[in-house]
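I'd like to go over a predicted model; first the sequence, then the structure.
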Amino acid sequence: KAGVTQTPRYLIKTRGQQVTLSCSPISGHRSVSWYQQTPGQGLQFLFEYFSETQRNKGNFPGRFSGRQFSNSRSEMNVSTLELGDSALYLCASSASPGDYGYTFGSGTRLTVV
Amino acid sequence: KQEVTQIPAALSVPEGENLVLNCSFTDSAIYNLQWFRQDPGKGLTSLLLIQSSQREQTSGRLNASLDKSSGRSTLYIAASQPGDSATYLCAVRPGSSNTGKLIFGQGTTLQVKP
């Protein structure tokens, strides 16, 4: 079966712009979580969605937002981009929150210049 | 605040060696602990998940143990192979209920030399 699909794979944006990243979970998975990975901070939890509802949110500023659609696809948005937002953004899906079958996508590499 | 630490940060071993990766966490109130592997430029692959009530899990050449009271987990890799070269990440699910939120360590980058 198809894995978790994240688009685009690479993005270059300018400071002050906004960006939207997309995550399509494995078919049948209703839970999606987002993470930011940087060399300095490692992997940090952004948010978790289940059945279109945000269940958990990490310690990130309000510029980071997300949503989940009725087909379980999820998007995250970062407004007013800063240089420090450059990172690999990973999404993971599972049938329900915290299931063992917690599958990660390959990520979107965002570079802010 | 839960913190996860992995030691060592990097490890280089000759092929065939058995090795141990260490993970420690500061708060014993965890739901479960999971070990992942990450290849360069790729996402994470789940290796083993240990529930808070379990002591260990095994899959092939991998064995993970959990000592919740002391806040420690180890990942044992037997007869290492060059294909095992990757970054290994330990993550805990905090609290008493299942959640998609994971708290990760910084990882151990393993190089297995032929």
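Nice, I can see it. As the structure is a computational prediction, the values presented were derived from the model and not from experiment.

around chain B, pick out the residues from chain A.
A:4, A:31-33, A:35, A:42-45, A:48, A:50, A:55-56, A:58, A:90, A:92, A:94, A:96-107 (CB under 8 Å from any CB of the partner chain). No exception for glycine: its C-beta is placed from N, CA and C like everyone else's.

these in strands, which ones?
The strands, defined by DSSP state E, take in A:31-33, A:35, A:42-45, A:48, A:50, A:55-56, A:90, A:92, A:94, A:103-104 from the residues of chain A next to chain B.

which among the residues you listed count as buried?
Buried subset of those (neighbour count, 16 or more other CB atoms under 10 Å in any protein chain shown): A:31-33, A:35, A:42-45, A:48, A:50, A:90, A:92, A:94, A:103-104.

ok, which pair from those is furthest apart?
Greatest spacing in these, by CB to CB: A:Gly42 and A:Phe50 (24.4 Å).

show me what contacts the residue sitting nearest the centre point of chain A?
Nearest to the geometric centre of chain A sits A:Trp34, at 3.5 Å (CA atoms, centre = their mean). Neighbour list for A:Trp34: A:Cys23, A:Phe45, A:Leu46, A:Phe47, A:Glu48, A:Gly66, A:Ser74, A:Met76, A:Tyr89, A:Leu90, A:Cys91, A:Ala92 [criterion: CB atoms under 8 Å, 6 or more residues apart in numbering or on different chains].

so which strand or helix has B:Thr58?
Following DSSP states H and E, the helix or strand that holds B:Thr58 is strand B:56-59.

now what about that strand, what contacts it?
Outside strand B:56-59, the residues that touch it by CB under 8 Å, 6+ apart are B:Leu47, B:Leu48, B:Leu49, B:Ile50, B:Asn63, B:Ala64, B:Ser65, B:Leu66.

which of the residues you listed come close to chain A?
Residues of those in contact with chain A (CB under 8 Å from any CB): B:Leu49.

any idea which of the contacts of strand B:56-59 is closest to chain A?
B:Leu49 (5.2 Å; CB to the nearest CB).

in the chain, where is pLDDT below threshold?
No chain was given, so I picked chain A. Filtered on pLDDT under 70, chain A yields the residue ranges A:1, A:100.

please refer instead to chain B.
B:96-97.

residues of it that sit close to chain A?
Counting by CB under 8 Å from any CB, chain B sits next to chain A at B:31-32, B:34, B:36, B:41-46, B:49, B:89, B:91, B:93, B:98-107.

please name the residues that touch residue 50.
I'll assume chain A. With CB under 8 Å, 6+ apart, A:Phe50 has these contacts: A:Arg30, A:Ser31, A:Val32, A:Gln68, A:Ser96, A:Pro97, B:Gly100.

not quite, I wanted chain B
Contacts of B:Ile50 (CB under 8 Å, 6+ apart): B:Asn32, B:Leu33, B:Gln34, B:Glu56, B:Gln57, B:Ala64, B:Ser65, B:Leu66, B:Ser73.

how about A:His29?
With CB under 8 Å, 6+ apart, A:His29 has these contacts: A:Ser72, A:Ser93, A:Ser94, A:Ala95, A:Gly101, A:Thr103.
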